[in-house]
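> from the sequence below, what's the structure:
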Amino acid sequence: MTNDKGILIRNIYYMLTYAFQVLRQNNYEEVASEEFEQIQDLFAAILSKGISQQLKQGLHREYITQNENLSLLRGKLDIHGTIRNRIQHKQLLACEFDELSVNNIFNQILKTTAVVLINEPSVKAERKAALRQVMLFFSEVDVLEPSAIRWNTLRYQRSNRNYEMLINICYFVLDGMLQTTEQGTYKMAAFSDEHMARLYERFVLEYYKQHHTYLDEAKSAQVKWNLDEDADDAMIRFLPVMQTDIFLRCKEKTLIIDTKYYGKTMQKQYDSYTLHSNNLYQIFTYVKNHDRKKTGSVSGMLLYAKTQESITPDCIFPMGGNQISVKTLDLNLPFSSIAKQLDEIAENHFCVHACFHVKK
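Residues are numbered from 1 along each chain as shown. Here you go, the predicted model:
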């Protein structure tokens, strides 16, 4: 099945496996072999498998500050609380102490997402049952208000690194797929273009990293402004950062790719279809500033995800000694065909043939 942009749900799973390598582990093989009619059902399957695996390793615990009235001192004495107990004729000490607990933000996000998916009509009954089963081990964990989660404050360390993929799946669900109804409850919305765009970008980069190992560089890199030597250093800080999505280099050749995922690839004005001007200006700026010596060895590409529009750009523009191209990647094909499209882009540009085959 496909989502509302015509992308095969199975292909979204494959894109996730490149973005998050943990999905290539054996315990996710069953997910890879299934057919999903809805993206919410896919996320429920990944989450139930992932949480089950995490339970075997043990839930992440953090020190949480607790306040209790105890007969013996533990931690720090709360003077005001203890006086209040004495006034109430309670022979107890008000104590404040830190205790390792599973009731932390990471487990709370997992439980909150599971609760949302369990109540989602498009998730199949067997997936809901699997989520309910793993939730039996979350009895001490609170459910959060999804809109109150501060995603940008989450930090991963050695102790919780294996939560990263699961939390990202939760982010897709809670941040990109929730709408509030008039009654104040939640219902699932479509997988947003914003989140799909981020997944698309990460997938393309990771694909080149893994399969085109002949490349000297495959990364997301910043391009420095090609300023004159007498440029005022104090003013440089006001220039915007030029952050590329994908930066590929093989020997003296460089290809800068900006991935684009829109509902509409082309813009229409006065019955005429054109490329999004800001996108073209952006990639041209990247290329010209990186090609400081004007060698022509730096090229740029806008790589659009194919929509259901009848017009799909596929063109090359020689511009001032550099090559700017616009390509469209069809995500509604078998994954082997998607891989072939990506391979051809790199192989044609760098004039190499990658000796591998992606089988999906």
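
> most remote residue from the chain's center?
In the chain, the residue that sits farthest from the middle, by CA atoms, centre = their mean, is residue 89; the gap is 55.5 Å.

> state the helix or strand in which that one lies.
Using DSSP states H and E, residue 89 falls within no helix or strand.

> how near is it to residue 83?
12 Å (CB to CB, to the nearest Å). (Glycine included, C-beta is placed from N, CA and C.)

> measure residue 225 to residue 252 for me?
Between residue 225 and residue 252 the computed distance is 22 Å (CB to CB).

> the two - which one has more neighbours?
More neighbours surround residue 225 than the other of residue 225 and residue 252, with 13 against 9 (other CB atoms under 10 Å).

> OK, contacts around that one?
By CB atoms under 8 Å, 6 or more residues apart in numbering, the contact list for residue 225 reads 236, 239, 242, 289.

> tell me who's in contact with the residue lying closest to the last one once chain neighbours are set aside.
Put plainly, it is residue 289. Distances taken as CB to CB, 6 or more residues apart in numbering put residue 226 closest to residue 289, at 4.5 Å, once the chain neighbours are dropped. With contact set as CB under 8 Å, 6+ apart, residue 226 has these partners: 288-290, 292.

> cool, residue 299 as well?
253-256, 287, 322-325, 349.

> return the member of those nearest to residue 105.
Of all these, residue 256 has the smallest distance to residue 105: 36.9 Å, by CB to CB.

> in which helix or strand does that closest one reside?
If you go by DSSP H and E, residue 256 is part of strand 253-260.

> how distant is that strand from the center of its chain?
Between the centre of strand 253-260 and the centre of its chain there are 19 Å (CA atoms, centre = their mean, to the nearest Å).

> for that strand, packing partners?
Secondary-structure packing of strand 253-260 (3 or more CB pairs under 8 Å, 6 or more residues apart in numbering; DSSP states H and E): helix 193-211, strand 246-250, helix 277-290, strand 298-305, helix 335-350.

> and the ones you listed as JSON lines, adding mean pLDDT and distance to residue 140?
Formatted as JSON lines, those follow (pLDDT from 0 to 100; distance: least, CB to CB, whole Å):
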{"stretch": "helix 193-211", "mean pLDDT": "90", "distance to residue 140": "30"}
{"stretch": "strand 246-250", "mean pLDDT": "96", "distance to residue 140": "43"}
{"stretch": "helix 277-290", "mean pLDDT": "93", "distance to residue 140": "49"}
{"stretch": "strand 298-305", "mean pLDDT": "94", "distance to residue 140": "42"}
{"stretch": "helix 335-350", "mean pLDDT": "93", "distance to residue 140": "41"}
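
> out of those, which one sits most buried?
Sort these by mean neighbour count, taking mean count of other CB atoms under 10 Å, and strand 298-305 sits at the top with a mean of 23.

> any weak-confidence spans in this structure?
Low-confidence segments of the chain, defined by pLDDT under 70: 1-7, 26, 176-192, 263, 266, 307-310, 353-360.

> how does it divide into domains?
According to automatic domain parsing, the chain comprises the domains 9-60+107-191, 65-101, 197-350.

> quick one: the last one to chain centroid distance?
Meaning domain 197-350. Its chain's average C-alpha position is 19 Å from that of domain 197-350, according to CA atoms, centre = their mean.

> same check on stretch 158-174?
Put simply, stretch 158-174 sits 10 Å off its chain's centre (CA atoms, centre = their mean).

> ok, residues contacting that stretch?
In contact with stretch 158-174 (CB under 8 Å, 6+ apart) are residues 16, 19-20, 22-23, 40, 43, 46-47, 50-51, 54, 57, 60, 106, 109-110, 112-113, 116-117, 146, 149, 151, 154, 156, 188, 191, 195, 199.

> and that stretch, what's buried?
Judged by neighbour count using 16 or more other CB atoms under 10 Å, the buried positions of stretch 158-174 are 160, 163, 165-174.

> residue 341: which of those residues is nearest?
For these, the nearest to residue 341 is residue 172 (24.3 Å; CB to CB).

> in terms of helices and strands, where is the closest one?
Judged by DSSP H and E, residue 172 forms part of helix 164-176.

> quick one: residues contacting the closest residue in space to residue 138 that isn't next to it in sequence.
Ranked by CB to CB, 6+ apart and with sequence neighbours excluded, the top spatial neighbour of residue 138 is residue 111, at 4.7 Å. Contact analysis of residue 111 by CB under 8 Å, 6+ apart lists 135, 138, 141-143.

> for residue 90, same thing?
By CB under 8 Å, 6+ apart, the residues touching residue 90 are residue 69.

> no further queries at this time; thank you.
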